[in-house]
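> sequence plus predicted model, see below.
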Amino acid sequence: MAHLACIPSKTLLRPGEVVDEAVRTAGTGSPSLGLDKVVPYRDEMIRHLDDSGQVKEYEDQGVTVFRGVGSLGGPYTVVVGDQTIESERIVIATGSDPLIPPIDGLERAGYWTNREATTLKKVPASVTIMGGGPVGVELAQMLRRFGSEVHLLEAGERLLGREDERVSELLLEGLSDADVDVRLGAEVSSVSAAGNGRTVRLADQEVTADELIIAIGHKPRLGELSL
């Protein structure tokens with residue numbers, strides 16, 4: 001999951017952060033920022049989404065790696081394909097999948113999750129992000145600094161609702177100062193395709209952008225484990 005989460009997101013956030021620091025520091029110029037130079041470095045950091053090198057590293061250390069869908073076959077037993085593995089202890093570390101809300105028209109219109117957003121090759125001219133939690137806020141900041149027009153929709157009354165209220169206030173101030181269109185209490189009723197973009201309908205308004213990113217949270221990946 002690191003290849004699809006914290007590693008690419010922090011790799012993409014850092015260049016914009018450096019530029020922002022330079023702009024706000026007396027006596028420094030404004031460096032250029034281009035995704036074309038960041039993409040090769042990001043791809044290297046996430047090993048081009050290829051874990052074969054890591055598998056070999058594990059095997060060199062005496063770890064046996066089984067590839068396939070695993071499930072619990074009973075007490076102390078894991079089944080992978082036609083192989084059965086027995087162990088006194090079984091650790092469940094299967095990660096999570098993006099949580100996709102049952103919104104009318106969403107599947108037909110199409111959307112990105114954090115996976116597509118952090119492996120992008122080209123910055124969209126405009127983007128709507130559903131979700132004002134850590135992932136949504138990170139993506140809003142990153143994409144805005146790379147030049148996207150960003151609309152951030154949060155159904156709650158503040159960003160990062162689990163954090164201290166002052167944190168939410170500071171984030172709202174920072175994003176607003178960066179010209180991110182933040183809309184709180186934004187309940188989405190439907191989504192539709194609009195030319196090459198997507199239109200998100202709220203209670204009394206609409207937001208249209210080239211891309212739509214769903215970032216409302218994650219759910220445990222447990223479906224095939226036979227728990």
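It's in. Here the structure is a predicted model, which is why all the values come from computation and not from measurement.
> what residues of stretch 57-70 count as buried?
Of the residues in stretch 57-70, those buried by neighbour count under the rule 16 or more other C-beta atoms under 10 Å are G70. Where you see a C-beta, it was placed from the backbone N, CA and C, and this is true even at glycine.
> give me the contact list for the host helix or strand of E107.
With elements taken from DSSP states H and E, the one containing E107 is helix 106-109. With contact meaning C-beta atoms under 8 Å, 6 or more residues apart in numbering, helix 106-109 is reached by I100, V191, S192, A193, R198, T199, L212, I214.
> which of the residues you listed count as buried?
Buried residues within the contacts of helix 106-109, defined by neighbour count using 16+ other C-beta under 10 Å: V191, S192, R198, T199, L212, I214.
> what residues are up against the last one?
When the contact criterion is C-beta under 8 Å, 6+ apart, the partners of I214 are P98, L99, I100, P101, L106, Y111, W112, T113, M130, G131.
> 10 Å - rerun?
Residues in contact with I214 (C-beta atoms under 10 Å, 6 or more residues apart in numbering) are 98-101, 103, 106, 111-114, 116-117, 128-131, 135-136, 188, 191.
> restricted to strands, list these.
Among these, the members found in strands (DSSP state E) are P98, T128, I129, M130, V191.
> the strands in the protein, which residues?
Listed in chain order, the strands of the chain (DSSP E) span residues 70-74, 77-80, 83-86, 96-98, 126-130, 149-154, 181-184, 190-194, 197-201, 206-209, 211-214, 218-220.
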